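Peer 1: here's a sequence, model it:
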Amino acid sequence: MTATPAIQPTSVHLVGSIGLDSVAEVFRTTGKLLGRRLKRVPDGEPGPRRLWASFQYPLLRSSPYLRPDPGGALRKTSGFPLLSLAEGVSSDEVSFGELGYAREARASYLDFCAARDRGELPADARFQVCLPTPMGVIYAFCIPKDVLAVEPAYERAMMAEVAALCAGIPHKDLSIQWDFCHEMIIWDGQPQDMFPLVGASKPEILARLGRICADIPAGVELGFHLCYGDFGARHFVEPRDATAMVEVCNGIADTILRPVGFIHIPVPINRDDEAFFQPLTALRLPKGCDFYLGLVHARDGVEGTHRRIAVARKFVPSFGVATECGIARARKPSLIVETLQVYADASREPV
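Peer 2: This is a model prediction of the structure:
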């Protein structure tokens, strides 16, 4: 049996989705099991947000500026018809109204405040809002030929959502997490046929990050979840090691001019070898940035988690722990509680 690491992490990160039945149950359950380990807490993304960016597909499908691709192209994973510009529509005509994220978050923030007032959550915890990047949404649901025509309008709409979040939730209580998924898979460079490569060079990807972070007020915490997908509770592709993710982290440090509160990267369940973690020796985090390794897995429990923690410590001395992605899709409530218990058993509350 693997021994408990001499120094257990004192901070845990909840990546986003948590497959419990309600926002109130998410706050109550996570607070009870994880207590002061929590620096920020998401609402669990219930209902239509459970399937991440699929929440946006009906909105895009209902747009008068878009239509199902006349060529019949389908989204490879979900089977959704891919979308193209509607006949006669030019790129400068495309616009979107509310995307729904700010409205959902403002409602959940009321539940967050109530849970915190009842003592169910730490008094200094922030309310975490997880957002897909505009590129992540449009590159998932539009045909390659039209992604660059549609993305700017969606980016403007997403930045309006961010502005509404920052206007409706006190900055000291707010943490915004950008979910960097489809970009991560493109950046990694492994063969894939799920996402277009047009306008997707590494400099172009970082330029997008710079734009969507530039107007977030300094008092709002900003973080990033680097992701390899979670469709069917599996990554789209598995990272070969941490090299590509270290490149992105260092790119964030060089590109984002405002403070970055945290960065999270995934660790596959079968990677407890030094080769996976060795690239972390080149990691350059922004000053004051918390780092989370997504090495908590329910399938091999606290023993496997301790094993990965022990190997990771050889290459990065300080980190918190997380799962590799959200814990809602293709997961039942009993597995959620089991996973949260692994979080608790593999960490300890700060002194």
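
Peer 1: quick check: mean pLDDT of stretch 256-266?
Peer 2: The average pLDDT within stretch 256-266 is 97.

Peer 1: now do the end-to-end distance for it.
Peer 2: Terminal residues of stretch 256-266 lie 21 Å apart, using CA to CA, to the nearest Å.

Peer 1: my read is that residue 102 contacts residue 164, right?
Peer 2: Yes: at 3.7 Å, residue 102 counts as touching residue 164 under the criterion of CB atoms under 8 Å. C-beta here means a position set from N, CA and C on the backbone, and glycine is covered the same way.

Peer 1: and residue 243, how many neighbours does it have?
Peer 2: Using other CB atoms under 10 Å, residue 243 has 14 other residues around it.

Peer 1: ok, now which ones touch it?
Peer 2: residue 279 (CB atoms under 8 Å, 6 or more residues apart in numbering).

Peer 1: how about the strands in the stretch 51-200 of the chain?
Peer 2: With strands called from DSSP state E, counting those that start in this stretch, the stretch 51-200 of the chain shows them at 66-68, 83-85, 126-132, 174-180.

Peer 1: so which of those strands is nearest residue 338?
Peer 2: Nearest of the strands of the stretch 51-200 of the chain to residue 338, taken as CB to CB: strand 126-132 at 21.9 Å.

Peer 1: how far off strand 174-180 does the closest one point, in degrees?
Peer 2: Taking axes from the mean of the first three to the mean of the last three CA atoms, to 10 degrees, one finds strand 126-132 and strand 174-180 inclined to each other by 30 degrees.

Peer 1: which other helices and strands contact strand 126-132?
Peer 2: Judged by 3 or more CB pairs under 8 Å, 6 or more residues apart in numbering; DSSP states H and E, strand 126-132 is in contact with strand 40-42, helix 101-117, helix 147-168, strand 174-180.

Peer 1: partners of it in the sheet?
Peer 2: Using DSSP bridges, the strands paired with strand 126-132 are strand 40-42 (parallel), strand 174-180 (parallel).

Peer 1: on that earlier part again, give me the more crowded residue out of residue 102 and residue 164.
Peer 2: Shown here are residue 102 and residue 164; by other CB under 10 Å, residue 102 has more neighbours (22 against 17).

Peer 1: show me the contacts for the more buried one.
Peer 2: 161-162, 164-165, 168.

Peer 1: a markdown table please, covering the strands paired with strand 126-132 and showing mean pLDDT and distance to residue 306.
Peer 2: Compiled in a markdown table, the strands paired with strand 126-132 are given as follows (pLDDT from 0 to 100; distance: least, CB to CB, whole Å):
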| stretch | mean pLDDT | distance to residue 306 |
| --- | --- | --- |
| strand 40-42 | 98 | 24 |
| strand 174-180 | 98 | 26 |
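
Peer 1: show me the one of those strands that comes nearest residue 85.
Peer 2: strand 174-180 (25.6 Å).

Peer 1: next, the angle from the closest one to helix 101-117.
Peer 2: In terms of direction (the same axes, to 10 degrees), strand 174-180 departs from helix 101-117 by 130 degrees.

Peer 1: centre of this protein to the edge, which residue is at the far end?
Peer 2: In the chain, the residue that sits farthest from the middle, by CA atoms, centre = their mean, is residue 88; the gap is 35.7 Å.

Peer 1: what are the phi and psi values at that residue?
Peer 2: phi 80, psi 0 (degrees, to the nearest 10).

Peer 1: and it, how close does it get to residue 81?
Peer 2: The spacing between residue 88 and residue 81, counted by CB to CB, to the nearest Å, is 19 Å.

Peer 1: go on, residue 118?
Peer 2: 45 Å.

Peer 1: so who does the closest residue to residue 43 other than its chain neighbours touch?
Peer 2: Nearest non-adjacent residue to residue 43, counting by CB to CB, 6 or more residues apart in numbering: residue 108, 3.7 Å away. Counting by CB under 8 Å, 6+ apart, residue 108 makes contact with 23, 43, 127.

Peer 1: how about the helices in the stretch 1-150 of the chain?
Peer 2: For the stretch 1-150 of the chain, the helices defined by DSSP state H, counting those that start in this stretch cover 23-34, 57-61, 101-117, 134-141, 147-168.

Peer 1: centre of the chain versus the third one, how much separation?
Peer 2: Computed by CA atoms, centre = their mean, to the nearest Å, the separation of helix 101-117 from the middle of its chain amounts to 19 Å.

Peer 1: quick one: it to helix 23-34, angle?
Peer 2: 50 degrees.

Peer 1: do the same with the fourth one
Peer 2: Here the directions of helix 134-141 and helix 23-34 differ by 120 degrees (the same axes, to 10 degrees).

Peer 1: and helix 134-141, what other elements does it pack with?
Peer 2: helix 57-61, helix 147-168, helix 182-188, helix 202-214.

Peer 1: any chance of these in JSON lines with distance to residue 223 as columns?
Peer 2: JSON lines is the format used below for the helices and strands packed on helix 134-141 (distance: least, CB to CB, whole Å):
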{"stretch": "helix 57-61", "distance to residue 223": "25"}
{"stretch": "helix 147-168", "distance to residue 223": "14"}
{"stretch": "helix 182-188", "distance to residue 223": "15"}
{"stretch": "helix 202-214", "distance to residue 223": "10"}
